[in-house]
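>>> Take this sequence and fold it.
(chains A, B, C and D)
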Number of protein chains: 2
Amino acid sequence: MRQADTKTHILDTAEALLQNRGFNAFSYNHIAQPLGVKNAAIHYHFPTKTDLGVALIERCRARFQQYTELLEAGEASPVLKFEAYLTLPWRYLRDGGKVCPLGVLEVEFNTLPEEMRLEIVALDQQMRAWLAIALEEGREQELLHFEGSAEEQAIVIAAALQGALQIARVAGQSAFDTCVRHLKQKLGLVN
Amino acid sequence: MRQADTKTHILDTAEALLQNRGFNAFSYNHIAQPLGVKNAAIHYHFPTKTDLGVALIERCRARFQQYTELLEAGEASPVLKFEAYLTLPWRYLRDGGKVCPLGVLEVEFNTLPEEMRLEIVALDQQMRAWLAIALEEGREQELLHFEGSAEEQAIVIAAALQGALQIARVAGQSAFDTCVRHLKQKLGLVN
DNA sequence: GAAAAAACCTACCTACAGGTAAGTAATCAG
DNA sequence: CTGATTACTTACCTGTAGGTAGGTTTTTTC
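Residues are numbered from 1 along each chain as shown, chains lettered A, B, ... in the order given. Below is the predicted model:
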């Protein structure tokens, strides 16, 4: 291996491009150039763009899995779990006005190959399912307060954050902060 | 004129393509074919894709303007105005799982030409500003209940709806309905 | 230290996107 | 009824996207 792990570098740049421009708006050359490599090198690691897309989403899934396992292992409180969930979009925004990968992929959903669609659905379910459990835990411990099912609440939160990140692009950071503040307030987290 | 108004037909199909696939994921041929016309015909009406994009957003703005003027003229109650606002995304969803045009354009924002960006920002402000006024009116008349500024509330609502439409693509209609129900409840609309 | 495998590069190829130039058919205005 | 205008078509052109075949250089393995 000339470079330690080109594959990881490819995924990193591809992921950034995904969140900054969308899946359809970047090419293999967009990835190759910053890495100082030719586009055939990308095809070596990911024969087709579909392969790349699937790998990208799978990595998101694995990372989220790790992240949550860490939180469970540390016996994080439901409130901390919720805050940890908020950290994800917050980092995206700070990191140059990126947007939630899931949001991008949902917008482009109809243009994407079946293999990617399945992964997208899986990622969406995985994230919302975990959040829902955390919320339910929080309610049982009377740390969080909301009506309706935790699954519903998870949807509302996910939708609000996803939309907020996007709106922040044209309305500024503060739009996102506003949404977060309102979500917290709604859950009874005074903060 | 061979056809009554090809220009309108072009905008109609382009708008549908925008909401189904995104701005970068459709070409002039995608518009031309269903209209039974050659792509040069599209270039006749809209020399560049940027022109088309700008026209598309301007039409959204004009239509929204008309829509709101109609509501004002009918002296619609703040509640009705809010419901009318909800009608927009609800129609998108029903109309084949479309997504909010603003959301699409925000996701693709970094790939779009300056001319389009300005229009996008303007559309976003126009819609949220009107919503904010309606919300404030509703609060003054004690028909709607919320804390914080009406502008903030408008952001939260816009973000939630935008995200909900997108999530509905992978999680089904019900995800959107859930978000709407929660928004209404939060505003004190029992329904 | 040689063979095999890994990680590339060079040089293509096809398809299509966006766009243009020049011509043609229908319509309208005087 | 004739010129100008409108609304196109045909036929291109350039650039780039995604992808492939075959060669070359490293690195690993034995």
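>>> could you point out the longest helix in chain A?
Of all the segments assigned as helix in chain A under DSSP state H, the longest by residue count is helix A:114-140.
>>> now A:G148, what's its secondary structure?
Assigned by DSSP: H, G, I helix; E, B strand; the rest coil, the conformation of A:G148 is coil.
>>> Measure how buried it is and give me the count.
The local packing of A:G148 (other Cβ atoms under 10 Å in any protein chain shown) involves 13 other residues. From N, CA and C alone the C-beta is placed, and that goes for glycine too.
>>> and it, how far is that from B:Q166?
21 Å (Cβ to Cβ, to the nearest Å).
>>> ok, A:E147 to A:R139 distance?
Using Cβ to Cβ, A:E147 is found at 10 Å from A:R139.
>>> ok, back up a step: can you tell me if the longest helix of chain A touches DNA strand D.
No: applying Cβ under 7 Å from any atom of the strand, one finds helix A:114-140 out of contact with DNA strand D, separated by at least 11.4 Å.
>>> counting contacts, what elements does that helix pack onto?
Counting by 3 or more Cβ pairs under 8 Å, 6 or more residues apart in numbering or on different chains; DSSP states H and E, the packing neighbours recorded for helix A:114-140 are helix A:49-73, helix A:78-94, helix A:101-107, helix A:150-171, helix B:150-171.
>>> To A:A41, which of those helices lies closest?
Across the helices and strands packed on helix A:114-140, A:A41 has its closest neighbour in helix A:49-73 (12.5 Å, Cβ to Cβ).
>>> Pull out the buried residues from the closest one.
Applying a neighbour-count criterion of 16 or more other Cβ atoms under 10 Å in any protein chain shown, one finds A:K49, A:L52, A:G53, A:V54, A:A55, A:L56, A:I57, A:C60, A:F64, A:T68, A:L71 buried in helix A:49-73.
>>> what residue ranges in chain A score low on pLDDT?
Applying pLDDT under 70 to chain A flags residues A:1-4, A:191.
>>> okay, the angle between the longest helix of chain A and helix A:150-171?
110 degrees (axes from the mean of the first three to the mean of the last three Cα atoms, to 10 degrees).
>>> picking up where we left off before, adding distance to DNA strand C, write the helices and strands packed on helix A:114-140 out as JSON lines.
Formatted as JSON lines, the helices and strands packed on helix A:114-140 follow (distance: least, Cβ to the nearest atom of the strand, whole Å):
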{"stretch": "helix A:49-73", "distance to DNA strand C": "14"}
{"stretch": "helix A:78-94", "distance to DNA strand C": "27"}
{"stretch": "helix A:101-107", "distance to DNA strand C": "17"}
{"stretch": "helix A:150-171", "distance to DNA strand C": "21"}
{"stretch": "helix B:150-171", "distance to DNA strand C": "22"}
